[in-house]
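1. show me how the following folds:
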Amino acid sequence: MSGRSRFYRLGAVGLVAALAACSSPDPTLYTIAPVSGAVQVGGPKVIQLQQIALARYLERSQIVRSSENYRLDVRANDWWGEPLAAMLSRVLSEEIGQRLPQSAVVGETGAVSASPGATIELNVQRLDEDSAGALVLQAQSNVSFKGKSAPILRSFRFTVPLPAPGTRGEVAAISIATGQLADSLVAMLLAGPGPR
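-> Residues are numbered from 1 along each chain as shown. Predicted coordinates for the structure are as follows:
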């Protein structure tokens, strides 16, 4: 082997080693955990949770730490284990079903369909930490009832202190806030439609 060939081969091996050293480790994946709430009697027999709309800045694999001070702070190597809207839908369906055991909760995009007695529409406008380090969940919801023309529209803002530092604490706080949102949605479902 000539000196030039040996030089190029060593250079190629060095480049591969340098690229391997610079590559990022596999991301750590997180999921929101359902939080149990008080079991309630009543509610529509079938509840449909429409596909959840997220603020665009939340539509990413990486977990957003904060959107304060005109800056988006993203946890680069801490990712959601599934798309956030789908995860919120799954968790909220489970939480609402646990709180209203006489109701069946189905998702708009799921394999199971039924004629709903009530439909929940949800916009998540914020889901990250504020400048004080507390988790903020801000959302709007519209609950409409079959055969009734007066839906219930509400805005929510939940602030939850992080129970631990870092990503694990943020995800735990998101789980708590999602449980609080489920409590509020259940209250809307139990309130029933307003007058025509």
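2. list the buried ones in stretch 98-105?
-> By neighbour count, with 16 or more other C-beta atoms under 10 Å as the criterion, the buried positions of stretch 98-105 are Gln98, Arg99, Leu100, Ser103, Ala104, Val105. Glycine gets a C-beta too; all of them are placed from N, C-alpha and C.
3. likewise stretch 174-183?
-> Ile174, Ser175, Ile176, Ala177, Thr178, Gly179, Gln180, Leu181, Ala182, Asp183.
4. inside helices: which ones of these?
-> Among these, the members falling in helices (DSSP state H) are Ile174, Ser175, Ile176, Ala177, Thr178, Gly179, Gln180, Leu181, Ala182, Asp183.
5. how far away is the first one from Ile152?
-> Counting by C-beta to C-beta, to the nearest Å, the gap from Ile174 to Ile152 is 25 Å.
6. then the fifth one?
-> As defined by C-beta to C-beta, Thr178 lies at a distance of 20 Å from Ile152.
7. now swap in the fourth one and tell me
-> From Ala177 across to Ile152, the span is 20 Å (C-beta to C-beta).
8. which residues of this structure score low on pLDDT?
-> 1-24, 193-196 (pLDDT under 70).
9. can you pull out the strands in it?
-> Along the chain, counting by DSSP state E, strands occupy 28-30, 46-49, 53-54, 62-66, 73-80, 104-107, 118-129, 134-145, 152-161.
10. quick one: strands adjacent to the first one?
-> Which is strand 28-30. Strand pairing for strand 28-30, using DSSP bridges, gives strand 73-80 (parallel).
11. can you list contacts of the strand it pairs with?
-> Contacts of strand 73-80 from elsewhere in the structure, counted by C-beta atoms under 8 Å, 6 or more residues apart in numbering, are 24-25, 27-31, 60-67, 87, 167.
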